[in-house]
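1. just coords:
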């Protein structure tokens, strides 16, 4: 069973849920972005939480090891980000964690190596500064196309996970941020 077929199962399952909850609306989403973001989160999870995340992504842990899942995502994201002729795709994620919480070095290293995800600390007690930090990061990663992703962060926020896609092909470009 390949990562592509498993991610397809996840995509159809998620699409079904989204359509049921929004029957009169158009649905547009990036299954890979969502599954990769959840897989990054699984790097820091243990026990039941880890199992629930990976099973929610439609992985059967008796058939696919956790290491193989992460290596598969890493390989796919690396290939996706390689420029091809006039087409440029840049995908990535960033994790902003409350400054009083410690981010383990092992998590940071794996998130960067496998998912091209950077982990930063942010002071959510100062929502204006945290908002600026996140928006500046997204603006830079999307070549200035997305200027304001977040506008009002709550002081109780402990973590924000940002996922972006920047696509430029020929004459146009497309953006997606979650």
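-> Cool, the structure landed. This one's a predicted model, so the numbers in the text were calculated from it and none came from an experiment. Numbers count the residues shown, from 1 in each chain.

2. Give me the contact list for the longest helix anywhere in the chain.
-> Once the chain is assigned using DSSP state H, the helix that runs over the most residues is helix 3-21. Applying Cβ atoms under 8 Å, 6 or more residues apart in numbering, the set of residues contacting helix 3-21 from outside is 27, 29, 31-32, 34-35, 56-59, 64, 69, 72-73, 76. Where C-beta positions appear, they are placed from N, C-alpha and C, glycine not excepted.

3. Let's see that with 7 Å instead.
-> Taking contacts as Cβ atoms under 7 Å, 6 or more residues apart in numbering, the residues outside helix 3-21 that touch it are 27, 29, 31, 32, 34, 35, 57, 58, 59, 72, 73, 76.

4. And those residues, which of them are buried?
-> Burial of the contacts of helix 3-21 was assessed by neighbour count (16 or more other Cβ atoms under 10 Å); the buried members are 31, 32, 34, 35, 57, 58, 59, 72, 73, 76.

5. And the helix or strand where the fourth one lies, what does it pack against?
-> This points to residue 35. Following DSSP states H and E, one finds residue 35 within helix 31-43. Contacts defined by 3 or more Cβ pairs under 7 Å, 6 or more residues apart in numbering; DSSP states H and E place helix 31-43 against helix 3-21, helix 47-56, helix 66-80, strand 87-98, helix 105-115, strand 159-169.

6. That one relative to helix 3-21, how many degrees between them?
-> Using axes from the mean of the first three to the mean of the last three Cα atoms, to 10 degrees, one finds that helix 31-43 and helix 3-21 are set 100 degrees apart in direction.

7. Relative to residue 110, how far out is residue 70?
-> Relative to residue 110, residue 70 is positioned 7 Å away (criterion: Cβ to Cβ, to the nearest Å).
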